[in-house]
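In: Structure for the following, please:
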Amino acid sequence: MMLEKALGRAVRRAGAPGGILFTERQLYFELCRGLQPLTRVPRRPRFTVPAPIGYARFERLLGRWNGEVPGLLTAPRRPAPAPSPEVFGYGLPRVLVCQHRDIADMLLANGLHMESVCPVFAVDDLPLDPRLRAAVEAAAGRVYVLHDTGPAEAATVDAVTAWADGVPVVPLGLRPVHARALHLPRVGATAEVAAVNPARLLRTVHRLVREQYRPRRSLTRLPRLRSLAATGYLSWPDPGAL
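Out: So this is what the prediction gives:
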């Protein structure tokens, strides 16, 4: 019963504010955050914490949920659709490639690609249409990479760099310094992007791909992302300040 109540609270937190859509793995880490008080201490000292519940146990718990879980993305995952032809007729300032398809799906489902003028793909979509790279190059734009900490980080960045072929590639993280400052729950030696609270993730990725390094009162045109502004200035910590 205690875990069922904790899962209900995790569902509410994962979707707040304004009905954010989230993945199953993001919900798992939100549950871990609720069960592990150490995730809520101030940023100093810096550390991550082991997940207090295994994923298999979480899946059994989720299987006992009565009805649909509000906000949970359940649609089958598929490769990102080809960009519309008009994209190639003008410069494109940015493209985002995520290590994990479910994170790419979550960002797309919440409209980040529309707000940030930033097509979003997963690394297993590579190689992308070469006309997309040409559009970024024409605008003197950048290709951004969103990845976990851990062994796969370098391979993800290398794969994107190979496709970009000279277009600047900017790894956004997650980096160990960010994971420790946020006290993220971890599975093994890896801290996952999915462990970041969904609202924080949307806010942070929006700011970083737009290279907005200062807080702004008016962030967005989309109602869901506009509601995130009320949650405060959420960003990766600045490693230089830690």
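
In: Excluding covalently adjacent residues, which one is nearest to the spatially most central residue of the chain?
Out: Central residue of the chain (CA atoms, centre = their mean): Leu201, 4.8 Å from the mean position. Distances taken as CB to CB, 6 or more residues apart in numbering put Val193 closest to Leu201, at 6.9 Å, once the chain neighbours are dropped. Any C-beta I mention is one placed from the backbone N, CA and C, and that applies to glycine too.

In: Helices along the protein, start to end?
Out: Applying DSSP state H to the chain gives helices spanning 2-14, 24-35, 55-63, 101-109, 112-115, 130-138, 152-164, 176-181, 198-209, 223-228.

In: nearest to Gly71, of those helices?
Out: Each of the helices of the chain has some distance to Gly71 by CB to CB; the shortest is helix 2-14, at 6.4 Å.

In: just the angle between the closest one and helix 24-35, please?
Out: 110 degrees (axes from the mean of the first three to the mean of the last three CA atoms, to 10 degrees).

In: Can you work out which other helices and strands pack against helix 2-14?
Out: helix 24-35, helix 55-63 (3 or more CB pairs under 8 Å, 6 or more residues apart in numbering; DSSP states H and E).

In: Can you tell me which of the ones you listed is most buried?
Out: Ranked by mean neighbour count under mean count of other CB atoms under 10 Å, these are led by helix 24-35, which reaches a mean of 23.

In: So what touches that helix?
Out: 6-7, 9-11, 13-14, 22, 39-40, 51-53, 55, 58, 62, 69, 72-73, 102, 106, 184-185, 192, 194-198 (CB atoms under 8 Å, 6 or more residues apart in numbering).

In: Buried ones among those residues?
Out: Neighbour counting over the contacts of helix 24-35 (16 or more other CB atoms under 10 Å) leaves 6-7, 10-11, 13-14, 22, 39, 51, 53, 58, 62, 69, 72-73, 102, 106, 184-185, 192, 194-198 as the buried ones.

In: so what's the closest residue to Pro168 other than its chain neighbours up against?
Out: Counting by CB to CB, 6+ apart, Arg142 is the residue found nearest to Pro168 once chain neighbours are left out, at 4.7 Å. Contacts for Arg142 (CB under 8 Å, 6+ apart) come out as 93-95, 136, 167-170.

In: Pull the most distant pair out of those residues.
Out: Pairwise over the contacts of Arg142, using CB to CB, the maximum falls at Pro93 and Val169, 14.4 Å.
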